[in-house]
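**Student:** Have a look; sequence and predicted model below, questions after that.
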Amino acid sequence: MKSLWVGLGILGVIILILLFGFGSYVSTKNTLVQKNEAINQAYSQVNVVQQRRLDLIPNLVASVKGYVNEESTVLTNIANARAAITSAPDRASSIAANSKLDVALGPFFRLQEQYPNLKGNEQFTRLTDELAGTENRIAVERSRYNRTLEEYNVYVRQFPNSIWANFAGFHYRDEYFKGNPENSAAPKVDFSK
């Protein structure tokens, strides 16, 4: 009789451990699903503000073309970067293409210095203000996206979540918006002219 109670006790402990493990798995998986969806939602917000920028660019380029005929390289680079974004097949390609557009827009804004009449064009001024505001929104949304992705990645790598994450098919995601390597070089200032 004593061995029966010991056997039932061991069986009860095993059942409690299994229930605890299953509860831990379910809880972790639900949190992972929630964090994964938060990443998708944050990226969707980034796409919304990036789409606004893509919608503004053709109007801005059209308003500049009348003043700046010889700067076609700058305008071509912007058009090519915009086309790469619209044809990006996945998130990583879209992030890389948007990074190239960030670089292509720099010389575009410097055109204002070379063409003083362009600064006076009301449509150009309004569009550049809207684009500058959009660039700020993009920076904010990219930062939010990166934070959301970081929270997910930390959760996926923490113990015991890492065990359940691997078991459920959730892995580390390296889809961060990163700074442009071209922006790491300091601009050269020359006052000798």
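**Tutor:** Done, it's in. Just so you know, these numbers come straight off a predicted model, no measurement behind them. Numbers count the residues shown, from 1 in each chain.

**Student:** only C-alpha atoms for contact and neighbour calcs from this point on.
**Tutor:** Fine.

**Student:** how about residue 101, what does it touch?
**Tutor:** 78, 81-82 (CA atoms under 8 Å, 6 or more residues apart in numbering).

**Student:** what packs against the helix or strand hosting residue 39?
**Tutor:** Here residue 39 sits within helix 2-65, counting by DSSP states H and E. For helix 2-65, the packing partners by 3 or more CA pairs under 8 Å, 6 or more residues apart in numbering; DSSP states H and E come out as helix 122-157, helix 161-168.

**Student:** Low-confidence bits of this structure, can you list those?
**Tutor:** Applying pLDDT under 70 to the chain picks out residues 65-72, 112-121, 123, 179-193.

**Student:** related to what we said a few turns ago, switch the helices and strands packed on helix 2-65 over to a markdown table; also include mean neighbour count.
**Tutor:** Formatted as a markdown table, the helices and strands packed on helix 2-65 follow (neighbours: other CA atoms under 10 Å):
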| stretch | mean neighbour count |
| --- | --- |
| helix 122-157 | 17 |
| helix 161-168 | 17 |
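
**Student:** closest to residue 175 out of those?
**Tutor:** Residue 175 lies closest to helix 122-157 among the helices and strands packed on helix 2-65, at 7.9 Å (CA to CA).

**Student:** Please compute how far the closest one lies from its chain's middle.
**Tutor:** 8 Å (CA atoms, centre = their mean, to the nearest Å).

**Student:** Could you shift the numbering so residue one becomes 9, and keep it that way?
**Tutor:** In the new numbering, first residue 9, that becomes helix 130-165.
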